[in-house]
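# need coordinates for the following:
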Amino acid sequence: MNKDDMFLRNLYTLMESGYSVEECLDLCQKIFPHPCIDQIRELLKEGAALDECLLQTDFSLLFKEYFSFFNNKDCLSSAIEKSLNICLSQKKYKTKLKSQLTYPSLLLLFLFLFSIFVVIVLLPQVNALFVSFQITKSLVFQIIYFLFYLVPCILIVTSLLFAYMFVHLIYALRRKRFKTIEYFLKIPFFRVFLQKYFSLKFSIYYQELLNEEMDNVSIIDLLNEQLCRSDLKIVLYEISNRLHEGESLETILNDFEYLDPLFLNFFQMYMKNPTMKDSLSLYIQLTYEQIDMWVSQFLKYLIPCIYGFVAIFVISIYISIIIPMMNVISNV
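Modelled structure (predicted):
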């Protein structure tokens, strides 16, 4: 838990205990000083409400998005608590995912650095030795040497391309560039990522409003109205328009490429039996478990492949460098 999370947790806990806003800020400052406390105090002196102050601070965009939504339907302390709990849950999952990907990432980094060492340091010295001993490289060795130079180039180009596409996608989501997002939806890997992303966010908001005994059309209209700053607006705007054109919600969702097929199955079960209001909560839980399984299966094959590639790389170096030099020494 970072300092932002600690401050927010202390703030809503103290507010629920009945302390005034000023007392809460004083106690939070004494428990664990936070730079936003002075900023909030200045905004309060200017006449701003506490919820407006929280939205003008440097808390994460994700927290402020959820807080804006919950603040319209819950008391302030409850809105902070619910928003923070969702953010903490997502951070916990991201931390777990990062820990799973750390080891294979280090292996790839080692492979990249080793290939750079071979190309920049080892091969030039070997070529100089071959020239000094007047060794003529066969076609097979020339191909192997070309592949040595090709490996780091492939790793660099692949990494830069993936990083560029990922950053471009994040930028499109934040700026609500629907044409760019629709382009990424045509790419299988990014399609799965985007469908899970939109479906999980949609489920969190929709599940919350289901507990308010609202009908489906009212829920969509309310979400479309309140989530103007959210990237989910891309989905809600189209659904709302088609609902008002007379289409049923189930038909729209089944024909909607932004949403996950698994989500559609759970939503259809809810539509058939509206008393099953926990269907979307179950979908959220199962989706995180599904992603965990996907990552585990991916790493199960990726790590042996990296080991195998490194082994082949080392053996190729031995064959293309050591053996020719041993032949020359034996001839001498």
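# and L8, which helix or strand is it part of?
helix 3-16 (DSSP states H and E).
# buried residues, that helix. List them.
4-5, 7-15 (16 or more other Cβ atoms under 10 Å). Placement of C-beta: from N, CA and C, glycine included.
# quick one: list the elements packing against the next helix or strand along the chain from it.
Next helix or strand after helix 3-16 toward the C-terminus (DSSP H and E): helix 21-31. Helix 21-31 sits against helix 3-16, helix 36-45, with contacts defined as 3 or more Cβ pairs under 8 Å, 6 or more residues apart in numbering; DSSP states H and E.
# quick check: L25 touching L43?
No. Proximity of L25 to L43 does not meet the contact threshold set by Cβ atoms under 8 Å, at 11.3 Å.
# the more surrounded of those two?
Higher neighbour count among L25 and L43: L25, with 24 against 18, using other Cβ atoms under 10 Å.
# contact partners for the closest residue to I31 other than its chain neighbours?
Leaving aside its chain neighbours, I31 sits nearest to N10 (5.5 Å; criterion: Cβ to Cβ, 6 or more residues apart in numbering). By Cβ atoms under 8 Å, 6 or more residues apart in numbering, the contact set of N10 is 24, 27-28, 31-32.
# okay if I get those as TSV plus neighbour count, pLDDT and distance to L109?
Output for these, formatted as TSV (neighbours: other Cβ atoms under 10 Å; pLDDT from 0 to 100; distance: Cβ to Cβ, whole Å):
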residue	neighbour count	pLDDT	distance to L109
C24	22	90	45
L27	15	90	45
C28	23	88	41
I31	12	88	40
F32	11	84	36
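# quick one: which of these is nearest to Q226?
C24 (26.1 Å; Cβ to Cβ).
# need the pLDDT of the residue lying closest to that closest one once chain neighbours are set aside.
Once flanking residues are discounted, C24 sits nearest to L14: 4.3 Å by Cβ to Cβ, 6+ apart. pLDDT recorded at L14 is 91.
# thought E23 was touching L14, still the case?
Yes. With contact defined as Cβ under 8 Å, L14 and E23 form a contacting pair (7.3 Å).
# returning to what we had before: how far away is the residue nearest to C24 from L27?
As for L14, its distance to L27 is 6 Å (criterion: Cβ to Cβ, to the nearest Å).
# give the contact list for G246.
Going by Cβ under 8 Å, 6+ apart, G246 touches no other residue.
# how far away from the center of its chain is the longest helix along the chain?
The longest helix of the chain (DSSP state H) is helix 76-117. Relative to its chain's centre, helix 76-117 lies at 8 Å (Cα atoms, centre = their mean, to the nearest Å).
# quick one: average confidence on it?
86.
# tell me which other helices or strands whatever helix or strand comes next after that helix touches.
Downstream of helix 76-117, the next assigned helix or strand under DSSP H and E is helix 123-132. Using 3+ Cβ pairs under 8 Å, 6+ apart as the contact test, the elements touching helix 123-132 are helix 139-175.
# list the buried residues in the helix it packs on.
In helix 139-175, counting by 16+ other Cβ under 10 Å, buried: 141, 144-145, 148, 151-152, 155, 169, 172-173.
# for these, which one is nearest L61?
Closest to L61, out of all of the buried residues of helix 139-175 and judged by Cβ to Cβ, is L173, at 10.7 Å.
# per-residue confidence at the closest one?
84.
# check P324 too.
68.
# now do D26
At D26, pLDDT is 90.
# can you check V167 too?
90.
# try the one 10 residues further on
According to the model's per-residue confidence, R177 sits at a pLDDT of 84.
# ok, now which ones touch it?
So R177 contacts Y171 (Cβ under 8 Å, 6+ apart).
# quick check: the gap between it and Q56.
Relative to Q56, and taking Cβ to Cβ, R177 is found at 26 Å.
# same check on P304?
P304 is 51 Å from Q56, by Cβ to Cβ.
# the more surrounded of those two?
Between P304 and Q56, counting by other Cβ under 10 Å, Q56 is the more crowded of the two (14 against 10).
# and the closest residue in space to that one that isn't next to it in sequence, what does it touch?
Computed as Cβ to Cβ, 6+ apart, the closest residue to Q56 that is not its neighbour in sequence is L43, at 6.3 Å. Neighbouring residues of L43 by Cβ under 8 Å, 6+ apart: 52-53, 56.
# just checking, which of these belong to helices?
Short answer: the contacts of L43 in helices (DSSP H) are 52-53, 56.
# how many neighbours does C36 have?
By the measure other Cβ under 10 Å, the count of residues near C36 is 20.
# pretty sure it contacts F7?
Yes. Shown here, C36 and F7 form a contact pair, counting by Cβ under 8 Å, at 6.9 Å.
# noted, bye for now.
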